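Trainee: Provide a 3D model corresponding to the input given below.
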Amino acid sequence: MRYFYSAGKGPLAGKRPPIVFLHGSFHSGWCFAEHWMQFFSEEGYDCYSISFRGTSESPDPLFPDVKVPNIEQHVVDVLRFNRVMNISERLPILAAHSFGGMVAMKTIQGNLDKFSAVALFCSVPPSGNGPMTKRFIDTRGWEVTWDITRGFVLKDAAKQPQLCKKFFFSEDMDDDKVLRYMQEHFRKDSNSFIDLQSVLRRLPVETSKMSDNGKTAAWAMESSKIAATASDKVLVFGAKNDFLVDDEGVVETARFLNVDDDEIVWLEGAHDVMLDVGWKENAEIFLEKLQ
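Mentor: Below is the predicted model:
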């Protein structure tokens, strides 16, 4: 499994926990290597950005023709990566974007104490895309719903620059940069997609008994220590102009992880908070929340 690495620099190097970044669909590890890894390494964090098994950067060596690895394979890979790289004992920060958020939620199921913090950015909510898509039909109409469907299912978002921009970026994002990302990365990474059927069969919200307060995943409260620190360990970020994940989806993720609504951090810009025009401002806000 390929990964990107940037060593922590300056007087805080080695004193801060490493950050392990997890990407979403149509992306791979490069999306965090573009800006954020360098930014956080300058702040003393060792940074790792995994390219999930089955992406263009990490083709499965045992099953090279398999393009739809399931979510359990990704979870195993994340935990194994932490062990092999000898970063588990340093309690890394797990930072996940979009569908990577779903992998992160499954990874910390029973393993929250293995991480010093978990940050989810524009995450697919624990109930999956289904309820959110139904909301889009009611609130945004069939045209938007069809755009999202053809963008992912027919992979038009990796072929049409205008739709690609609508999916991932703000209106003021440079068109040449959008085209470069689409041609050099999204097209290749769209060929390898997470097995959605495996996700639907194993959604966190279905495999976790909710607590009495109706919003906290049981596995987030497995011990009194984790329960007492859950809100401190988990950060949930949404994007104010996200075309793909609505506000209700972000709130659902937060409540599932025992994060109060008023603790959700809303970033400026579109879905790809680490690549969009405001990537630096978003990184600075994340850094502030970690300190």
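Trainee: all strands for the stretch 1-150 of the chain, in order.
Mentor: Counting by DSSP state E, counting those that start in this stretch, the stretch 1-150 of the chain has these strands, from start to end: 3-6, 19-22, 47-50, 93-97, 117-121.
Trainee: should've said the stretch 151-291 of the chain
Mentor: 234-239, 265-267.
Trainee: tell me the most buried of these?
Mentor: Across the strands of the stretch 151-291 of the chain, averaging neighbours per residue (mean count of other CB atoms under 10 Å) puts strand 234-239 on top, at a mean of 24. (Glycine included, C-beta is placed from N, CA and C.)
Trainee: circling back to that earlier point, would you turn the strands of the stretch 1-150 of the chain into JSON lines with distance to residue 39, mean neighbour count and mean pLDDT?
Mentor: Output for the strands of the stretch 1-150 of the chain, formatted as JSON lines (distance: least, CB to CB, whole Å; neighbours: other CB atoms under 10 Å; pLDDT from 0 to 100):
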{"stretch": "strand 3-6", "distance to residue 39": "9", "mean neighbour count": "18", "mean pLDDT": "95"}
{"stretch": "strand 19-22", "distance to residue 39": "11", "mean neighbour count": "26", "mean pLDDT": "98"}
{"stretch": "strand 47-50", "distance to residue 39": "9", "mean neighbour count": "25", "mean pLDDT": "96"}
{"stretch": "strand 93-97", "distance to residue 39": "12", "mean neighbour count": "26", "mean pLDDT": "98"}
{"stretch": "strand 117-121", "distance to residue 39": "14", "mean neighbour count": "25", "mean pLDDT": "97"}
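Trainee: which among those strands is found nearest to residue 154?
Mentor: The stretch from these with the least distance to residue 154 (CB to CB) is strand 93-97; that distance is 22.5 Å.
Trainee: which residue is the nearest non-sequential neighbour of the most centrally placed residue in the chain?
Mentor: For the chain, the residue whose C-alpha lies nearest the mean C-alpha position (CA atoms, centre = their mean) is residue 97; its distance is 1.7 Å. Nearest residue to residue 97, sequence neighbours excluded (CB to CB, 6 or more residues apart in numbering): residue 121, at 4.6 Å.
Trainee: do the same with residue 116
Mentor: Nearest to residue 116 is residue 91, by CB to CB, 6+ apart, at 4.0 Å.
Trainee: that neighbour reaches residue 114, doesn't it?
Mentor: Yes - counting by CB atoms under 8 Å, residue 114 is a contact partner of residue 91 at 6.8 Å.
Trainee: hey, what's in contact with both of these two?
Mentor: Contact criterion CB atoms under 8 Å, 6 or more residues apart in numbering; residues shared by residue 91 and residue 114: none found.
Trainee: burial of the closest residue to residue 87 other than its chain neighbours, as a residue count?
Mentor: Setting aside the residues directly before and after it, residue 87 is nearest to residue 18 in space (CB to CB, 6+ apart), at 4.9 Å. Burial of residue 18, expressed as a neighbour count using other CB atoms under 10 Å, amounts to 23.
Trainee: against residue 89, how distant is residue 18?
Mentor: Taking CB to CB, to the nearest Å as the measure, residue 18 falls 11 Å from residue 89.
Trainee: again, but for residue 100
Mentor: Distance check for residue 100 against residue 89: by CB to CB, it reads 23 Å.
Trainee: what is the end-to-end distance of stretch 91-106?
Mentor: Terminal residues of stretch 91-106 lie 17 Å apart, using CA to CA, to the nearest Å.
Trainee: confidence score at the nearest residue to residue 133 once chain neighbours are set aside?
Mentor: Take residue 133 and drop its neighbours on the chain: the residue closest to it by CB to CB, 6+ apart is residue 145, 6.4 Å away. Turning to residue 145, the model gives it a pLDDT of 86.
Trainee: also residue 196?
Mentor: Confidence per residue is given as pLDDT, and for residue 196 that number is 53.
Trainee: ditto for residue 173
Mentor: For residue 173, the model assigns a pLDDT of 98.
Trainee: what sits against the nearest residue to it once chain neighbours are set aside?
Mentor: Closest residue to residue 173 in three dimensions, ignoring its sequence neighbours and counting by CB to CB, 6+ apart: residue 277, at 5.3 Å. Contact criterion CB under 8 Å, 6+ apart gives 169-170, 172-174, 269 as the residues in contact with residue 277.
Trainee: which one of those has the most neighbours?
Mentor: Scoring these on neighbours with other CB under 10 Å, the highest-scoring entry is residue 169 at 23 neighbours.
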